[in-house]
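Asker: Below are the sequence and a predicted model for it; my questions follow.
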Amino acid sequence: MIPASGTWPATAPFGVVPTEEITMADDRNRTGEVERALIDLTDNHEIRDWSLKLGVTELELQAAVEKVGPKAEDVRHFLGK
């Protein structure tokens, strides 16, 4: 069986069939507060999206996150946005 996009069967001991699916951490549909509050430089989609949102280049975004950390609020303040 192929799992639905962005999901994978829950881990279970050998011989036990999982009855639920869990959402992957990098699920594009996840819109929780933590996801919006942090900038993940390991995710190319986030780098592109945050760069466009903040009106800076990807290199400027990376430098800002390296300087002040991944909190979007801190990065905005550092960039004067």
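Answerer: It's in.
Asker: Show me where this protein has its helices.
Answerer: Counting by DSSP state H, the chain forms helices over residues 33-37, 44-54, 58-68, 72-79, given from the N-terminal end onward.
Asker: what angle do the second one and helix 72-79 make?
Answerer: Going back to what we said before, that points to helix 44-54. Between helix 44-54 and helix 72-79, the angle formed by their directions is 50 degrees, by axes from the mean of the first three to the mean of the last three C-alpha atoms, to 10 degrees.
Asker: Need the contact partners of helix 44-54.
Answerer: Contact partners of helix 44-54, identified using C-beta atoms under 8 Å, 6 or more residues apart in numbering, comprise 28, 39-41, 57-58, 60-62, 72, 75-76, 79, 81. (Each C-beta comes from the backbone N, C-alpha and C, glycine too.)
Asker: Could you tell me which of those residues count as buried?
Answerer: When the contacts of helix 44-54 are checked for burial by 16 or more other C-beta atoms under 10 Å, the buried set is 39, 61, 72, 75-76, 79.
Asker: Just the pLDDT at K81, thanks.
Answerer: Note on K81: pLDDT of 82.
Asker: Now it. Nearest residue, chain neighbours left out?
Answerer: Setting aside the residues directly before and after it, K81 is nearest to L54 in space (C-beta to C-beta, 6 or more residues apart in numbering), at 5.3 Å.
Asker: how does the chain divide into domains?
Answerer: 1-30, 32-81 (automatic domain parsing).
Asker: comparing the ones you listed, which gets the lowest mean pLDDT score?
Answerer: Sorting the domains of the chain by mean pLDDT places domain 1-30 lowest, at a mean of 52.
Asker: neighbours around the residue nearest to K81, how many?
Answerer: L54 is flanked by 18 other residues according to other C-beta atoms under 10 Å.
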